[in-house]
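Colleague: any chance you can model this:
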Amino acid sequence: MAFSELLDQVGGLGRFQVLQMVALVVPIVWLTTQSMLENFSAAVPSHRCWVPLLDNSTAQASVPGALGPKDLLTVSIPPGPNHEPHQCRRFRQPQWQLLDPNATATNWSEAATEPCMDGWVYDYSTFTSTIVAKWDLVCDSHALKPMAQSIYLSGILVGAAVCGHISDRWLAESARWLLITGRLERGLRELRRVAAINRKRVVEGTLTTEALLSAMQEELSVGQAPASLGALFCTPGLPLRTGISTLCWFAFGFTFYGLALDLQALDSNIFLLQVLIGVVDIPAKIGSLLLLSRLGRRPTQAGSLVLSGLCILANTLVPYEMGALRSALAVLGLGGLGAAFTCVSIYTGELFPTVLRMTAVGLGQMAARGGAILGPLVRLLAVHGRWLPLLVYGGVPVLSGLAALLLPETQSLPLPDTIQDVQNQAVKKATRSTPGPTVLKSTHF
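Modeller: From the prediction side, this is the model:
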């Protein structure tokens, strides 16, 4: 009896698997919600320099005549790039000549302005409290906002590394992995626990050490490399898989968090955008599951990354005034990244043998977190060109998607249990690619 048959007997999809899935989904949903909260807790409200004529009642009382707030704003704050009041500069002295209907921009010069020496006044009509308004992360300090987001995401990475081992108290380790690594008694206990939760009492009594050794005879007969990070890069047949799958993980974290944590840059209603991203993400993930079973792993992985990258790159060509189109392309790009995440989560597990599978997945998740940390910092390149961050955000997933075409297809193939299985797959692929005598073989589809 093979080990796969033994797993079917203890319950391939029962109460244990459902409980384990719920235990994973709940914290993931909570973490994603907390991450997307940055769009609101770190939103940049409309702001202008604090000036006495507008914000000091004593100074206003000294103004002769009856001037309204609009007139006082005109003589106190210069116009900005978008012809609205400048957010980061003010006039050194009131420019009364600008009240003349015939006044033009030549009536004042840049030398007549100065930075916001006395702080800023924020518009709290949309966001009543944000870290930007609380700590004045605007103008010369605007770079501190993406840095704060990167620090927050760094905390998630550190927490995952430090607290990851605690999850072993609630989530069962792979019984196959425990058995392959020589921990027979612990693997036996896990299988019995799965059978008990799935109410397979009859099978529970037949689970013995002898039965496990018989089921694992093939796997245990093959020498196993140590389940270490170095084995992923040093074992023949694995370095290419490791490098490209890790790159796909990185591309997802880098681009998704770089874009999704700065929805305000699209100059649209971020509340509506947040809803649209959630609405698109669900069918994107479901659709990716269907494509994985129809098209295969490799084309779905490559296509989702390339499509999302092209949508982001297209935004570099769309005029800034066309906010609706820019938002639509961004939502489609983020939806493609959601599909790419689903693909890489499944694909990575099928590329590596059991003894190294969790190590490879863990490395990929660390790469995604590393990409998420770097993602917000790329927005600092906007000082050299507003299109430059989008060029980077779009280029990374396109290149990663093209690289994914170098991975082997794993659809309908058994999961590799040993490193020898991976090497055998490579040998079979090379044999099929070598010209030889034609053999006709009839198989069931």
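
Colleague: going by C-alpha atoms from here, please, whenever you check contacts or count neighbours.
Modeller: OK.

Colleague: what sits up against stretch 33-45?
Modeller: Stretch 33-45 has contacts (Cα atoms under 8 Å, 6 or more residues apart in numbering) with 122-124, 126-127, 129-133, 138, 145, 149, 260-264, 270.

Colleague: so of those residues, which ones are in strands?
Modeller: Cross-referencing those against strands under DSSP state E gives Tyr122.

Colleague: just the buried subset of the contacts of stretch 33-45, please.
Modeller: Neighbour-count burial (16 or more other Cα atoms under 10 Å) is assigned, among those, to 122, 127, 129-133, 138, 145, 149, 260-264, 270.

Colleague: nearest to Gly309, of those residues?
Modeller: Gly309 has its nearest neighbour among those in Ala260, at 14.0 Å by Cα to Cα.

Colleague: list the residues that contact the closest one.
Modeller: Met36, Asn39, Leu334.

Colleague: top of these by number of neighbours, please.
Modeller: When neighbours are taken as other Cα atoms under 10 Å, the top entry among these is Leu334 (27 neighbours).

Colleague: isn't that residue right up against Phe256?
Modeller: Yes. Using Cα atoms under 8 Å, Leu334 is in contact with Phe256, at 6.4 Å.

Colleague: list the buried residues of stretch 131-144.
Modeller: Ile131, Val132, Ala133, Asp136, Leu137, Val138, Leu144.

Colleague: quick one: contacts of that stretch?
Modeller: Ser41, Ala42, Ala43, Val44, Pro45, Gln87, Cys88, Gly119, Trp120, Tyr122, Lys145, Leu380.

Colleague: quick one: neighbours of the residue lying closest to Ile312 once chain neighbours are set aside, just the number.
Modeller: In space, and not counting its chain neighbours, Ile312 is closest to Gly394: 5.0 Å by Cα to Cα, 6 or more residues apart in numbering. Per other Cα under 10 Å, the neighbour tally for Gly394 reads 26.

Colleague: what's the offset of whichever strand or helix holds Gly394 from the middle of its chain?
Modeller: Remark: Gly394 resides in helix 388-404, with elements defined by DSSP states H and E. Centroid separation for helix 388-404 versus its chain: 14 Å, with Cα atoms, centre = their mean, to the nearest Å.

Colleague: all helices for the stretch 251-400 of the chain, in order.
Modeller: Secondary structure of the stretch 251-400 of the chain by DSSP state H, counting those that start in this stretch: the helices cover 270-294, 297-314, 323-351, 354-374, 388-404.

Colleague: by contact count, what packs against the third one?
Modeller: Yep, that's helix 323-351 we're talking about. If you count contacts as 3 or more Cα pairs under 8 Å, 6 or more residues apart in numbering; DSSP states H and E, helix 323-351 packs onto helix 239-260, helix 270-294, helix 297-314, helix 354-374.

Colleague: do the same with the fourth one
Modeller: Where contact means 3+ Cα pairs under 8 Å, 6+ apart, helix 354-374 is packed against helix 144-163, helix 175-180, helix 229-234, helix 239-260, helix 323-351.
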